[in-house]
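Okay, sequence plus prediction incoming.
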Amino acid sequence: MELSDRDLALVSTLADGLPLVDRPYLAVGHMVGMSEVEVIERIKAMREAGIIRRFGVIVRHHELGFRANAMAVWDIPDAEVAALGARLGDAPEVTLCYRRPRRLPDWPYNLFCMIHGRDRATVEASIRTLISRHGLDVHPHSVLFSIRRFKQTGARYGRRLAAE
Amino acid sequence: MDKLDQRLLNDFQRDFPLVARPYAALAESLGLTETEVLQRLERLTRNGAVSRVGAVFRPHTVGGSTLAALAAPPEELERVADLVSAYPEVNHNYQREHRLNLWFVVTAPSAEAVQAVLADISARTGLEVLDLPLLEHFHIDLGFDLKWN
């Protein structure tokens, strides 16, 4: 799917969020130079193309009492990482699951899982469950709890319109 | 926070209605008025429970992004973290328990722009910045189950 400049402006606006007004797509249309119907059609198309992975209410875990979050990382042989990643990605304990490159010698891990919970003990228990259920104990791993959040905002992908 | 707030937060994280009056559609399923839904969302946004009603994009389809990490000397961590947070391209920035103690996500309109931010941070801090771009994602984003009760 090709994204036009106006689509990119729409992307930028949607990343910031829909306005809380009775006709938000009309309001977004005014900002990006589209009609209300066009905004709705483009969002539908981007959703069907998989460019939009999720469209809806985006909550803040921390403010809702999920105060513990850990990045659990494993060093998985390259031949096994895709199959294992798919299984971990489906696990209810896992919020996000990605393969990323190793950076030796500083960073030997290639599989990353984000795990959120109401407290540290819950997150630790979730990780133990994952390790035993998926036979992960044979692979080197590390758990990086977050200690402090310096910044958390929506991603800024699109280009701003000059008028904004 | 009452039951209706909880449903508002948990039940509409995906497949947000694509109709002219989406908040009226939410109102109907919650037994509220459109105005009440908007007022509740305004309050939940103000108190920080809601980040926004919006879209999560597939990484790298629009622009570029990466996860970056650096090891700041403990006594300089705060200064380095503030320097990193000040970039509009940085949208998450966390201290984590590891020798690599600062982890942040950089998102920009192009892969080159992402690299420029990493290079700039490295030059200004004198610290090596690890670039850990996403190679494959395994999770279907269904939102976050708040498991009320």
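Sure thing, it's come through. What you see is a predicted model; the values in this text were computed from it and never measured.

Low-confidence regions, the chain specifically.
No chain specified, so I'll use chain A. A:154-164 (pLDDT under 70).

wrong one, I was asking about chain B
Looking at chain B by pLDDT under 70, you get B:61, B:140, B:142, B:148-149.

Would you mind splitting it into its domains for me?
Domain assignment for chain B by automatic domain parsing gives B:3-46, B:64-132.

after the helix or strand hosting A:Ser132, next one along is what?
Element membership for A:Ser132 (DSSP states H and E) is helix A:120-133. Using DSSP H and E, the helix or strand that follows helix A:120-133 in sequence is strand A:141-152.

Looking at the domains of chain B, which is nearest to A:Ala82?
Closest approach to A:Ala82 among the domains of chain B is made by domain B:64-132 (17.6 Å; CB to CB). Any C-beta I mention is one placed from the backbone N, CA and C, and that applies to glycine too.

can you redo the domains of chain B as JSON lines with distance to A:Gly29 and mean neighbour count?
JSON lines is the format used below for the domains of chain B (distance: least, CB to CB, whole Å; neighbours: other CB atoms under 10 Å in any protein chain shown):
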{"stretch": "domain B:3-46", "distance to A:Gly29": "11", "mean neighbour count": "17"}
{"stretch": "domain B:64-132", "distance to A:Gly29": "22", "mean neighbour count": "17"}
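
Present those domains as JSON lines; the columns should include distance to chain A.
Below are those laid out as JSON lines (distance: least, CB to the nearest CB, whole Å):
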{"stretch": "domain B:3-46", "distance to chain A": "4"}
{"stretch": "domain B:64-132", "distance to chain A": "4"}
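
Contact partners for the nearest residue to B:Thr33 once chain neighbours are set aside?
Spatial nearest neighbour of B:Thr33, chain neighbours left out: B:Ala27 (5.6 Å); criterion: CB to CB, 6 or more residues apart in numbering or on different chains. Residues counted as contacts of B:Ala27 (CB atoms under 8 Å, 6 or more residues apart in numbering or on different chains) are B:33-34, B:36-37.

for B:Pro59, same thing?
B:65, B:134, B:137.

I'd like to know which of those are part of strands.
When the contacts of B:Pro59 are checked against strands (DSSP state E), the matches are B:65, B:137.

From the contacts of B:Pro59, pick the one nearest B:Ala113.
Among the contacts of B:Pro59, and counting by CB to CB, the member closest to B:Ala113 is B:Ser65, at 10.2 Å.

ok, the residue nearest to the closest one when sequence neighbours are not counted to A:Ala15 distance?
Excluding its sequence neighbours, the residue lying closest to B:Ser65 (CB to CB, 6+ apart) is B:Thr107, at 4.1 Å. B:Thr107 sits 9 Å away from A:Ala15, taking CB to CB, to the nearest Å as the criterion.

For the most centrally placed residue in chain A, give its distance to chain B.
By CA atoms, centre = their mean, chain A has its centre lying nearest to A:Leu96, at 6.3 Å. Computed as CB to the nearest CB, to the nearest Å, the A:Leu96 to chain B distance reads 5 Å.

Out of the contacts of B:Ala27, name the ones that lie in strands.
Going by DSSP E, the strands hold none of those.

can you list the residues you listed in TSV and add distance to A:Glu38?
Output for the contacts of B:Ala27, formatted as TSV (distance: CB to CB, whole Å):
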residue	distance to A:Glu38
B:Thr33	28
B:Glu34	23
B:Glu36	29
B:Val37	25
